[in-house]
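S.K.: Sequence unavailable; structure follows:
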């Protein structure tokens, strides 16, 4: 589809933007995969690394590696200039915080004024009117916006049987661990890029599973924050009742530092009006060893995800106990009813919210009906999966004022909160842990995704936090473990997840296997 020549042209443009000001020599070799943000900042503070050197290292790695993974949709031609500005701030002792000079990839459903924001759709190949609020916060923190990550087109809300990681703009993102297997979820490019060390951190978004599932399938850390912790203004929506953006990283400290920058109230996003004033300013400072000691963790096994995943959960249980936690096996109530109610609610909400979003765009389709017409006229939008059944059903769904919709959404939200709150209370739990994902399935446009991944739904619908970290491998394929808790307990979930990662370090870098060994 002509993506690689465009990609290389953008890379070439980025590489000529090295500023006239003196820059550090090529950085000494170090393990980029294991380096966290504090370690990188220490290198830059000592003069052993510059932001330009770090950004150049990532640009070079994208050039060498992304042909296998196809995670980066477009590079930002201003990335090196932003890195040079960070180096200038460092020289003048005016750094803006721990993300200053750190390269960040952004899922391409987050508005960036200086690059296209497409949601993966050829219909949206244009610039938005302004940066998303979270992009403004990243820029204000000095982060280097490295570029846009590929995603599942329209965040997997177009076809009845979509293939995760495919978009009409970017093609198919591959799982870096086994390239013909799927990366899962709509934040597929964000997670695959971080797993392949193509960026230090990435921004994803989730309605139900689209941060945590790709993070779990790529042995990365994904944090779906409490609803209202991070502004959604300027993020292509599915549902204002469930959508949120959040960080994906290779370690918990980087996710925590990124969340610290992203969070906060936004007058344009009513959900953030509930943001508590007592939220930590720096979540990374709370990641102290020993968080699991004395904690009570409910283990929700979900054997439907298969024996390999269940064996990893048994090992995870043993690690939790060894770290000093009490583990209680639980089953969350109301799950069948949640799955029954969620889809009809999302159809109504998508029609309402996508029409409102498209009205903010300077050009392109103005509403859902025009999107449907565009897809019918563009054969390239039908090269993987042809359908747009969800678009068509959303167009015909009841309006958001319909009594049936209002009753269904009220019941859905109530049952999701109760499923977690009642379980946490009944067993006096600090968190509920569950498998994030089964081993990745083989990507097949004709078949679509394996949809047996129910663990994200309670936290996603309730608006509660969900943090996944690597738990183990089924052969070469990663499986994650999720920590879910009450709303606004994000700091506690991050601390528990970090302590689990210390007690049971599971992540190994990908080897880019073409397929599973026969």
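M.R.: Happy to help now that I have it. Bear in mind the structure is a predicted one, so any value in this text is a computation, not a measurement. Numbers count the residues shown, from 1 in each chain.
S.K.: pLDDT on whichever strand or helix holds residue 39, on average?
M.R.: Using DSSP states H and E, residue 39 sits within helix 37-46. On average, the pLDDT along helix 37-46 is 98.
S.K.: Quick one: list the elements packing against it.
M.R.: Other elements packing on helix 37-46 under the criterion 3 or more C-beta pairs under 8 Å, 6 or more residues apart in numbering; DSSP states H and E are helix 51-69, helix 252-262. Where C-beta positions appear, they are placed from N, C-alpha and C, glycine not excepted.
S.K.: got the angle for the first one vs helix 37-46?
M.R.: Orientation note: helix 51-69 sits at an angle of 140 degrees relative to helix 37-46 (axes from the mean of the first three to the mean of the last three C-alpha atoms, to 10 degrees).
S.K.: Tell me the helices and strands packed up against helix 51-69.
M.R.: Counting by 3+ C-beta pairs under 8 Å, 6+ apart, helix 51-69 packs on helix 3-15, helix 37-46, strand 72-75, helix 79-91, strand 103-107, strand 144-149, helix 188-195.
S.K.: ok now it, how far from the chain's centre?
M.R.: Remark: helix 51-69 is offset 20 Å from the chain centroid, using C-alpha atoms, centre = their mean, to the nearest Å.
S.K.: what do you get for the shortest one?
M.R.: When C-alpha coordinates are averaged (C-alpha atoms, centre = their mean), helix 252-262 and its chain have centres 13 Å apart.
S.K.: circling back to that earlier point, angle of the helix holding residue 39 against helix 79-91?
M.R.: Using the same axes, to 10 degrees: helix 37-46 against helix 79-91 is 70 degrees.
S.K.: tell me which residues in helix 37-46 are buried?
M.R.: 37, 40-41, 43-44 (16 or more other C-beta atoms under 10 Å).
S.K.: Would you reformat the residues you listed as a markdown table and include distance to residue 509?
M.R.: Output for the buried residues of helix 37-46, formatted as a markdown table (distance: C-beta to C-beta, whole Å):
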| residue | distance to residue 509 |
| --- | --- |
| 37 | 18 |
| 40 | 17 |
| 41 | 22 |
| 43 | 20 |
| 44 | 23 |
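S.K.: and which of the residues you listed is nearest to residue 104?
M.R.: Distance to residue 104 across the buried residues of helix 37-46 (C-beta to C-beta) is lowest for residue 37, with 10.5 Å.
S.K.: From the rest of the structure, what touches the helix holding residue 39?
M.R.: Contacts with helix 37-46, where a contact means C-beta atoms under 8 Å, 6 or more residues apart in numbering, come from 27, 30, 49-51, 54, 90, 98-99, 101-102, 200-201, 253-254, 257, 284.
S.K.: orientation of it relative to helix 252-262 in degrees?
M.R.: Taking the same axes, to 10 degrees, one finds that helix 37-46 is oriented at 80 degrees with respect to helix 252-262.
S.K.: about what we covered before: for the helices and strands packed on helix 51-69, which one ends up most surrounded?
M.R.: Among the helices and strands packed on helix 51-69, helix 188-195 has the highest mean neighbour count (mean count of other C-beta atoms under 10 Å), at a mean of 34.
S.K.: thinking again about what came up before, of all the helices and strands packed on helix 51-69, which one comes closest to residue 243?
M.R.: Going by C-beta to C-beta, the one of the helices and strands packed on helix 51-69 nearest residue 243 is strand 103-107, 12.1 Å.
S.K.: Quickly run through the sheet partners of the closest one, with directions.
M.R.: strand 144-149 (parallel), strand 201-206 (parallel) (DSSP bridges).
S.K.: Nearest approach to residue 514 belongs to which of those strands?
M.R.: strand 144-149 (22.5 Å).
S.K.: ok, back up a step: format the strands paired with strand 103-107 as a markdown table; extra columns: distance to residue 221.
M.R.: What follows is the strands paired with strand 103-107, written out as a markdown table (distance: least, C-beta to C-beta, whole Å):
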| stretch | distance to residue 221 |
| --- | --- |
| strand 144-149 | 16 |
| strand 201-206 | 9 |
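S.K.: could the ones you listed be laid out in TSV, adding distance to residue 274 and mean pLDDT?
M.R.: Output for the strands paired with strand 103-107, formatted as TSV (distance: least, C-beta to C-beta, whole Å; pLDDT from 0 to 100):
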stretch	distance to residue 274	mean pLDDT
strand 144-149	28	98
strand 201-206	18	98
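S.K.: between the helices and strands packed on helix 51-69, which one is nearest to residue 155?
M.R.: Using C-beta to C-beta, the helices and strands packed on helix 51-69 put strand 103-107 closest to residue 155, at 8.8 Å.
S.K.: Please enumerate the helices of the stretch 401-518 of the chain.
M.R.: Using DSSP state H, counting those that start in this stretch, the helices found in the stretch 401-518 of the chain span residues 403-426, 457-462, 490-503.
S.K.: lowest-confidence helix or strand of this structure?
M.R.: Across the helices and strands of the chain, mean confidence by mean pLDDT, DSSP states H and E is lowest for helix 3-15: a mean of 35.
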